[in-house]
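Visitor: Structure for the following, please:
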Amino acid sequence: MLSPELRRRISFEHLEDEFIAAVFGVNVCDDFSNKQEFIAEICDMVKDYLFDSIEESSGYKPTPKDKDAFYYYLVDNFSKYLNRLYIRFCLDEKYPIQEESKKIEVKSIPYSHINNDWDVLQKLVKNKPYILKGDLILSKNEYDGKIVTLGSIIEVTGYVDLNEQSEIESLGDLTKVGGGLDIDGTSIYSLGKLTSVGGSLHIRDQDIRSLDNLKSVGLSADLRNMRHLASLGDLRTVGGYLNLQECFDLESLDNLTRVDGYLNLNYTFIESFGDLEYVGGDLYLTDCPLSKKYSENEIRQMLVVRGNIVM
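Guide: The predicted structure is shown next:
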């Protein structure tokens, strides 16, 4: 049994993160002769790390009895989890995991805990929904492997950089990006289930025809030269500028209501402001039907433009 002094000093809700860090600090299949040794050693590593942290942060020195009790607590509560990880890394082809029929719990993992290794991440994630904490940097100059899809990752809390990964075709199950998203130079043809990007969005020169389910971009959205983009989909708000220059197939702003920075509609065929209510910067309308259809005064009566209107 764990002592009250020890229980007060352990963050039990973050224990799984510590196990992930320990597992990805070793070579699972080569460093251990069997799964029993793997489970015992990983539990011992987590125990030692946590006790060192407790002593350093609080000055409390766990007794030998504390250490033994905590070790067996970890073995009792995490053996099943570690067993599944061992099978997933080392025995998948011989003994494939039977997925449970009940709804799978969404888990999260700090990407830094696996040393930002995409190949290792895939072994952990498989086809289960995961939230990835931190940045996902897979641009061509950072990762040379082949990526076709982001698979079952449903959220990345930081920045997603897929720049020049020409073989990737899908964002998979991704619904939310907490930071920016850069998919320049990819073969992605649809934003799929993505509903929000917290930072900036960069999708220049892509063969994407609609923004699909995307509702909001927290900062700027650079979509210039997307010559096949025909619809903004569900996009409603952009927290910075929105650049749609030379999006030749775009004829409507669809559900867009607010752009907090400038809005560039130069060299487009957009004929209506639709639901647009507010532009926080300049409005650019060079060689756009709107510049011929309305005067500057008429435009300002239709919506709020904080900056200049350039026609």
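Visitor: was I right about residue 156 contacting residue 175?
Guide: No. In terms of Cβ atoms under 8 Å, residue 156 does not count as a neighbour of residue 175; the distance is 10.0 Å. C-beta coordinates here come from the backbone N, C-alpha and C atoms, glycine included.
Visitor: Among the two, which residue is more densely surrounded?
Guide: Residue environment comparison for residue 156 versus residue 175 gives the larger neighbour count to residue 156, 23 against 17, counting by other Cβ atoms under 10 Å.
Visitor: residue contacts, the more buried one?
Guide: Residue 156 makes contact with 131-132, 134-136, 174, 176-179, according to Cβ atoms under 8 Å, 6 or more residues apart in numbering.
Visitor: From those, keep the buried residues only.
Guide: Buried by 16 or more other Cβ atoms under 10 Å: 132, 134-136, 174, 177-179, out of these.
Visitor: Tabulate those (TSV), appending secondary structure, distance to residue 85 and pLDDT.
Guide: Shown next, in TSV, are the buried ones among the contacts of residue 156 (DSSP: H, G, I helix; E, B strand; the rest coil; distance: Cβ to Cβ, whole Å; pLDDT from 0 to 100):
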residue	secondary structure	distance to residue 85	pLDDT
132	strand	17	77
134	coil	20	77
135	coil	24	81
136	strand	21	82
174	coil	24	91
177	strand	27	92
178	coil	26	88
179	coil	28	88
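Visitor: Let me have those in TSV, extended by distance to residue 205.
Guide: Supplementary listing: these in TSV, determined by distance: Cβ to Cβ, whole Å:
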residue	distance to residue 205
132	27
134	28
135	24
136	22
174	21
177	20
178	25
179	22
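Visitor: low pLDDT regions in the stretch 101-250 of the chain?
Guide: 101-128, 141-145 (pLDDT under 70).
Visitor: can you give me the strands for it?
Guide: According to DSSP state E, counting those that start in this stretch, the stretch 101-250 of the chain carries its strands in the segments 107-110, 130-133, 136-137, 153-156, 160-161, 176-177, 181-182, 196-197, 201-202, 216-217, 221-222, 237-238, 242-243.
Visitor: Deepest in the core, which of the ones you listed is it.
Guide: Greatest average neighbour count among those goes to strand 242-243 (a mean of 26), per mean count of other Cβ atoms under 10 Å.
Visitor: Show me the residue at the heart of the chain, geometrically.
Guide: Centroid-nearest residue in the chain, with Cα atoms, centre = their mean: residue 156, separated by 2.0 Å.
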